[in-house]
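**Student:** predicted model follows, preceded by the sequence.
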Amino acid sequence: MAELSRPFPPGEYPVVVVGSGPGALQVSYSLGRLGVNHAVISADPSAGGMFRRWPFFQRLLSWTKPHAPVARGTRAYERYDWNSLLGETPETRAIQPELMDGSSYFPSRPEMEANLVAFADRAGVAIRYDCRWTATRLEDGPTGQRFVLETTDGPYTCTALVVAVGVAEPRTPPGLGMDLTTHYADVRPVETYAGKRVFIIGKQNSGFELASGLLPWARQLVLASPSPARLSVDTRSLVGIRARYVQPFEDHVLGGGVSVLDAAIDRVERAVDGTFLVRLRRTDGGADMAIEADEVIAATGFVTPLVDLPALGVATFGASGLPAQTPWWESASLPGVFFAGTIGQGAKGLQKHGIPANSGAVHGARYNARVLAGYLARTRFGIGPERPRVAPGDVSRFLATELAEGPELFHQRGYLARVLTADPAGGLRDDGVQPLAEILDVGGPDALVATLEADGSGAIYPVVYSRVGGQVVERAIEPDPLLRFDTTDTRLAIEDLARRIGKG
Amino acid sequence: MNDVAPRFALWHHGRVVAREELVDAIAGFALFADLTDPQLTAIVHIFEEAFYAEGERVLRQGLTGSGFHIILDGEAAIVVDGQERARLARGDFFGEVSVILGESPIADVVATRPLRCLVLPGPRVEPFLVAHPRVMYRMLQTQARRLRAANRWRS
């Protein structure tokens, strides 16, 4: 019976989505709304992806404000709710705040998991669970190359593959004795560290998350990695250790017993009594050191479980093995393979002033997934969006309102942009939200583009671009201290650049 | 060490070139010639690693917010107003002039083959150079050579 009720039996589908975390749920929902037939398969037994298991200490880093300056369920509310997925009906919108108990504006892990399960249920996102993707091959089909995915349930064939399996495979870097360490993913219940000397390799959020949780338990805590710890309140961005996890750092600078060291791990040795000796080479100019510890934990991150896609030609880069991607989240080296969810951060965008997009988090990836669904529908199935005409007298009001209220522009600053394209018949048409890199780097018709950007100074400000005859002009608006993005300055800049369109 | 091609192949068709291996890669770069092994390890963690597909723009002429790049593998072209002016390869660096002057780049830099770089965002360049005076001196040497070449060409 169970087999009969499972959706998407092996076979041929136009698109196959792999995963059941936020990225897969959003891309499947958005594809469904556009009428694109597709299958979704997942190795997991239920929806939620990484949030079925992590964060280890059971509370998220990204907030949802149950009470915000704008009404819950509106588009503008998405700016304050980083965790709900994007539905188009009232019951599928702003689900996360419904499920929070009021003890924190960071949802607990179970609250986040419940949010994702509720979205899948209410939105009717069908997924074939317990179906593991094991291998991939390319074959020639009637309309060109297609992918065959071998799974534990049998083969799936498709011409477009959307991989949304997270960046969740534990990674321990090579090094002498590193095999003796315990990875973040395998940390035991926290009380088993009572009275222990714990050495944590890694000074990013996962390392500091562990240290925060171990503060009431460990006798001694040492965190080490080669480069100095950076704090998000210093970088004025999501780069660095988040404010939630800064407590061990404060303990360190106030001499409370936590040590935060800038050092490379030379080797990890194990003594006959089971304790560890961690030999360090300082990167801050200090003398080499050896530190005794009862536990050594590698908070050294995760890699992308791409199965055999790299062997098929999907180029990867960086310590996380992220696939290199086009601005539309397609493999830069193997067309037809797309990415959604946190893997989408491999489409890095412009990273102006070194500020990355929020594609590695739900509040960024949910918009990428919706834009990707629209791109697949348009380019592969001829399902084009409406392109409403924007009256000449309405252009500055329209774009200024998008800057003020458009959550895509707020959460994906300098990455996603609202695009108005010159109509050959005159005037401008709304071409929706698109990757900014596509507009600036790939030629096209004359266009007027608006986005929000940040420069690491703490300011967030509108930037308007015109593309006329392939030439791009950039106009940044002076930041407003109250983060009003629809000021007179903004409207004047839009009107000025709008006058250039069509004259080129 | 003339192994650009095999290294590139390893990275492109294989899996990840581990960050740990980057230390060996940058040890031979003139910019880092004075650094100890632990300092090189710190460098590869301070910089971000970035990949650019063939044809992708790395620096954008006239647009703000660029960074300092060091080429690990691949090749890039310096393009001014659509005209190619020079090619850059492994060990070369670019983007520092616009960052130091606080201005937009006066050229595009475009990957002419798949390109892998170490990148330092603009706002982090000054603190980095001040903290690493030997790297700053090596960068100054390179700039001095470029200036001398430009002056010779003029006279």
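**Tutor:** Structure received. Numbers count the residues shown, from 1 in each chain, chains lettered A, B, ... in the order given.

**Student:** low-confidence ranges in chain B?
**Tutor:** B:1-20, B:155 (pLDDT under 70).

**Student:** quick one: contacts for the residue nearest the centre of chain B?
**Tutor:** Nearest residue to the geometric centre of chain B (CA atoms, centre = their mean): B:Ile70, 1.7 Å. Contacts for B:Ile70 (CB atoms under 8 Å, 6 or more residues apart in numbering or on different chains) come out as B:Ile26, B:Phe29, B:Leu31, B:Phe47, B:Gly91, B:Asp92, B:Phe93, B:Cys117, B:Leu118, B:Val119. Backbone N, C-alpha and C define where each C-beta goes, glycine included.

**Student:** just A:Leu416 next, same as before
**Tutor:** A:Ala357, A:Tyr367, A:Asn368, A:Val371, A:Glu408, A:Leu409, A:Val433, A:Gln434, A:Pro435, A:Leu436, A:Thr451.

**Student:** ok, those vs A:Ile477, which is closest?
**Tutor:** A:Thr451 (11.0 Å; CB to CB).

**Student:** now the strands for the stretch 251-400 of chain A?
**Tutor:** Secondary structure of the stretch 251-400 of chain A by DSSP state E, counting those that start in this stretch: the strands cover A:258-270, A:276-282, A:289-293, A:295-298, A:302-303, A:316-317, A:322-323, A:337-339, A:389-390.

**Student:** for the ones you listed, which one sits closest to A:Ala68?
**Tutor:** Using CB to CB, the strands of the stretch 251-400 of chain A put strand A:389-390 closest to A:Ala68, at 28.5 Å.

**Student:** count of residues packed around B:Val80?
**Tutor:** 13 (other CB atoms under 10 Å in any protein chain shown).

**Student:** would you list the phi and psi of it?
**Tutor:** phi -110, psi 120 (degrees, to the nearest 10).

**Student:** please report how far the residue nearest to it when sequence neighbours are not counted lies from B:Glu96.
**Tutor:** If the residues on either side of it in the chain are set aside, B:Val80 comes closest to B:Ala107, at 4.7 Å by CB to CB, 6 or more residues apart in numbering or on different chains. Separation of B:Ala107 from B:Glu96 (CB to CB, to the nearest Å) stands at 13 Å.

**Student:** residue ranges with poor pLDDT in the stretch 1-150 of chain A?
**Tutor:** The stretch 1-150 of chain A contains residues with pLDDT under 70 at A:1-4.

**Student:** and A:Arg467, what element?
**Tutor:** strand A:460-468 (DSSP states H and E).

**Student:** and the residue nearest to A:Gly443 when sequence neighbours are not counted, how far from B:Asp81?
**Tutor:** Beyond its immediate neighbours in the sequence, the residue positioned closest to A:Gly443 (CB to CB, 6+ apart) is A:Gly470, lying 5.0 Å away. A:Gly470 sits 11 Å away from B:Asp81, going by CB to CB.

**Student:** from A:Gly444, how far off is the residue nearest to A:Gly443?
**Tutor:** 8 Å.

**Student:** quick one, helices of chain B?
**Tutor:** B:4-13, B:19-27, B:37-46, B:96-101, B:122-131, B:133-154 (DSSP state H).

**Student:** buried stuff in the fifth one?
**Tutor:** Pointing back at helix B:122-131 there. Within helix B:122-131, the residues that count as buried by 16 or more other CB atoms under 10 Å in any protein chain shown are B:Gly122, B:Pro123, B:Arg124, B:Val125, B:Phe128, B:Leu129.

**Student:** now swap in the fourth one and tell me
**Tutor:** Taking 16+ other CB under 10 Å as the basis for neighbour counts, the residues of helix B:96-101 that come out buried are B:Glu96, B:Ser98, B:Val99.

**Student:** helices or strands up against it?
**Tutor:** Counting by 3 or more CB pairs under 8 Å, 6 or more residues apart in numbering or on different chains; DSSP states H and E, the packing neighbours recorded for helix B:96-101 are strand B:67-73, helix B:122-131.

**Student:** of the ones you listed, which is nearest A:Leu161?
**Tutor:** Closest among the helices and strands packed on helix B:96-101, using CB to CB: strand B:67-73, at 27.2 Å.

**Student:** check the offset of the closest one from the chain's centre.
**Tutor:** With CA atoms, centre = their mean, to the nearest Å as the basis, strand B:67-73 stands 3 Å off its chain's centre.

**Student:** got the CA positions of that strand in PDB?
**Tutor:** C-alpha atoms of strand B:67-73 as PDB (Å, rounded to 0.1, in the frame of the first residue of the first chain):
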ATOM      1  CA  GLY B  67      38.700  43.600  -4.700                       C
ATOM      2  CA  PHE B  68      42.300  42.500  -4.800                       C
ATOM      3  CA  HIS B  69      42.900  39.300  -6.800                       C
ATOM      4  CA  ILE B  70      45.800  36.900  -7.100                       C
ATOM      5  CA  ILE B  71      45.600  34.300  -9.900                       C
ATOM      6  CA  LEU B  72      46.100  30.700  -8.700                       C
ATOM      7  CA  ASP B  73      45.300  29.000 -12.000                       C
END
